[in-house]
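Chemist: Fold the stuff below for me.
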Amino acid sequence: MSGLENKHIVVTVHGIRTFGSWQRRLERLLRFEDPQILCYHFQYGYFSALAFLVPFLRHLLVRRFRRELQAVIQSTQPSRLDIVGHSFGTHLIAWALKGMRDDPQVTVETIILAGSVLRSDFYWPDLVPSRVRRVVNDCGSTDSVLLLSQFLVMFTGMAGRVGFVGMNGPEFQNRYSCFGHGGYFINEAGRESDSFMQQHWLPLLVGQAEIEVFDDRAAPRILGGIGFWLANNLEPVKILIYAVPLILALLFVSGLYVEAELARQRISATFDMLEEMKHRSGISPGAIQLVSLVQKSSRVPLGRTNVLWLDDNRANNSLERTALAKYGLCFERAEYGADALRLFSEHPDRFALIVSDYTRARDDPMVGYAFLDEVKKRGSNLPFIFYTMGVSESRAKEAQSHGAKAITEDPLVLFNEVLDAVTVGRSDSGIVRRVLDALRPCKETG
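Modeler: Just a heads-up that it's a prediction; the model follows:
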């Protein structure tokens, strides 16, 4: 490489979703004017739009280009270095040079940017004139591709459509043409054309011509100015576009974990209650009943369900209520039938289930089926479960004839019946909503 010393080097970088055919065409134009010019074309294949969306992948390619550029500079020791980039190539050039701004070997004569995806507030004074003598930013005022970059891609913008903000002068110029993203390399008919490069780039790259300034845009209008300002300040919107799916994914994964943990707590609380009931009353559930309960426990959606519980002795069923609360059941207790009927009448749509004893120690006219009959008179079809001692087959048939869902003294049967009612009554409102509902503390009232 020693024979390449003191050469005029031109480095070109193409955009994404292209193989950069314009690079070779520009080289032919340059070498026709000056055969001593040596061209280096940085190519990275068909870099996908998906990869362009990911800042980390863009950073890897910037680092790769920086290392390649440093290698070219070190090996050739150019007397003059010019760089030309289009679209994503301008991102590679600008950020690679930012990382090399303290390198004394790096001095660039002219940078030409076309259809730049850089943000319009990119701070060029970090490079101009300390490391770069002049920058030309050619813009296409109808470049719709850059609108997508501005709206959707983090840390990029549409400087190749609206220009860079800052001081324009001999060292820095924005220039505007009325075409789209590829207008620098094609004609109005959409065919390949070298006209723009030949007319506007060759004088800057071959010699020391001054920057030709032009602006072919139509005069701005008020609505257009407002639209420009909105489009140029969309970074918060882009942050939301990126952040919301990540937050939702995190909530979803967290929800799965919480849902699994709550399911474990449910079953654990249920078995603890059954073990205590076994020691207290000698009731021992069978294997089939336990399997049925575990299956139902896994099918009950997370959420909250209000249950009206009528019993004059709170201690009689505290274990059952504590375990059922793990399933999101919120209990409103009443000791007298009249109080239970008032709660039901005031909020007939609040409750999804009614659990009641059959007899009460205190004088209460609404014992037995009286409360159930009053509920049925009001046209309610709420599941109604009697939880009481001394249940016989004949008594079970009698309870069903009054419209009760079940009557039992077995806590396992109670759980199965309650979980049946809860499973039917709850809708699948989405895991995040279900988890939030399940995590909210549920105070027992009454």
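Chemist: do you know how far Glu188 is from Leu146?
Modeler: 20 Å (CB to CB, to the nearest Å). The way it works is simple: take the backbone N, C-alpha and C, and place the C-beta from them, glycine included.
Chemist: Which one's more surrounded, those two?
Modeler: Set Glu188 next to Leu146 and count neighbours by other CB atoms under 10 Å: Leu146 wins out with 27 against 8.
Chemist: any idea which element that one lies in?
Modeler: In this assignment (DSSP states H and E), Leu146 forms part of helix 145-152.
Chemist: next structured bit after that helix?
Modeler: From helix 145-152, the next helix or strand downstream (DSSP H and E) is helix 159-162.
Chemist: Report the mean per-residue pLDDT for that next one.
Modeler: Helix 159-162 carries an average pLDDT of 92.
Chemist: Who are the packing partners of the helix holding Leu146?
Modeler: Helices and strands touching helix 145-152, by 3 or more CB pairs under 8 Å, 6 or more residues apart in numbering; DSSP states H and E, are helix 159-162, helix 222-231, helix 235-281.
Chemist: Mean pLDDT lowest where, among those helices?
Modeler: Among those, helix 222-231 carries the lowest mean pLDDT (a mean of 60).
Chemist: element containing Ala338?
Modeler: Counting by DSSP H and E, Ala338 is part of helix 337-346.
Chemist: Contacts for that helix next, please.
Modeler: 308, 310, 332, 334, 351, 354, 356, 360, 364-367, 370-371, 374-375, 378, 380, 446 (CB atoms under 8 Å, 6 or more residues apart in numbering).
Chemist: Of those residues, which belong to helices?
Modeler: Ala370, Phe371, Glu374, Val375 (DSSP state H).
Chemist: Which one of these sits in the busiest neighbourhood?
Modeler: Neighbour max across the ones in helices among the contacts of helix 337-346 (other CB under 10 Å) = Phe371, 26 neighbours.
Chemist: That one and Glu409: what is the separation?
Modeler: 18 Å.
Chemist: Could you report the separation of the residue nearest in space to the middle of the chain from Leu251?
Modeler: Residue closest to the average C-alpha location in the chain (CA atoms, centre = their mean): Pro245, at 0.9 Å. Per CB to CB, Pro245 is found 11 Å from Leu251.
Chemist: repeat for Met273
Modeler: For Met273 relative to Leu251 (CB to CB), the value is 31 Å.
Chemist: who's more crowded, the two?
Modeler: Higher neighbour count among Met273 and Leu251: Met273, with 21 against 16, using other CB under 10 Å.
Chemist: so who does the more buried one touch?
Modeler: By CB under 8 Å, 6+ apart, the neighbours of Met273 are Leu319, Glu320, Thr322, Ala323, Pro411.
Chemist: Please repeat the previous calculation with a cut-off of 7 Å.
Modeler: Met273 is in contact with Leu319, Glu320, Ala323, Pro411, counting by CB atoms under 7 Å, 6 or more residues apart in numbering.
Chemist: What is the nearest of these to Met158?
Modeler: Using CB to CB, Ala323 comes nearest to Met158 of the contacts of Met273, at 60.4 Å.
Chemist: next one: the helix or strand hosting the closest one to chain centre, how far?
Modeler: When elements are assigned from DSSP H and E, Ala323 belongs to helix 318-325. The chain centroid and the centroid of helix 318-325 are separated by 38 Å, computed with CA atoms, centre = their mean, to the nearest Å.
Chemist: Report the buried residues of it.
Modeler: Leu319, Glu320, Arg321, Ala323, Leu324, Ala325 (16 or more other CB atoms under 10 Å).
Chemist: same thing with stretch 59-74?
Modeler: So, applying 16+ other CB under 10 Å, buried residues of stretch 59-74: Leu61, Val62, Phe65, Arg66, Glu68, Leu69, Gln70, Val72, Ile73.
Chemist: same deal with stretch 352-367?
Modeler: Ala352, Leu353, Ile354, Val355, Ser356, Asp357, Tyr358, Arg360, Asp364, Met366, Val367.
Chemist: Point out the ones among those residues that are inside strands.
Modeler: Ala352, Leu353, Ile354, Val355, Ser356 (DSSP state E).
Chemist: hang on, isn't the last one packed against Ala370?
Modeler: No - no contact is recorded between Ser356 and Ala370 when judged using CB atoms under 7 Å, the distance being 10.2 Å.
Chemist: Which elements pack onto the longest strand seen in the chain?
Modeler: Using DSSP E to define each element, the chain has its longest strand at strand 132-140. Packed against strand 132-140 by the contact rule (3 or more CB pairs under 7 Å, 6 or more residues apart in numbering; DSSP states H and E) you find strand 108-114, helix 159-162, strand 172-177.
Chemist: Quick one: closest of these to Leu419.
Modeler: Nearest to Leu419 among the helices and strands packed on strand 132-140 is helix 159-162; the distance by CB to CB comes to 60.7 Å.
Chemist: On the pLDDT front, check the residue of the chain most remote from its centre for me.
Modeler: Here the centre of the chain is the reference, and by CA atoms, centre = their mean the most remote residue is Asp363, at 60.3 Å. Listed pLDDT for Asp363 reads 76.
Chemist: between the contacts of Met273, which is closest to Gln265?
Modeler: Ala323 (9.9 Å).
Chemist: who touches the closest one in this structure?
Modeler: With CB under 7 Å, 6+ apart, Ala323 has these contacts: Ala269, Thr270, Met273.
Chemist: low pLDDT regions in the stretch 101-250 of the chain?
Modeler: Residues of the stretch 101-250 of the chain meeting the criterion pLDDT under 70: 220-239, 241-242.
Chemist: Please convert the ones in helices among the contacts of helix 337-346 to JSON lines, extending it with distance to Glu261.
Modeler: Putting those into JSON lines (distance: CB to CB, whole Å) gives the following:
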{"residue": "Ala370", "distance to Glu261": "43"}
{"residue": "Phe371", "distance to Glu261": "37"}
{"residue": "Glu374", "distance to Glu261": "41"}
{"residue": "Val375", "distance to Glu261": "36"}
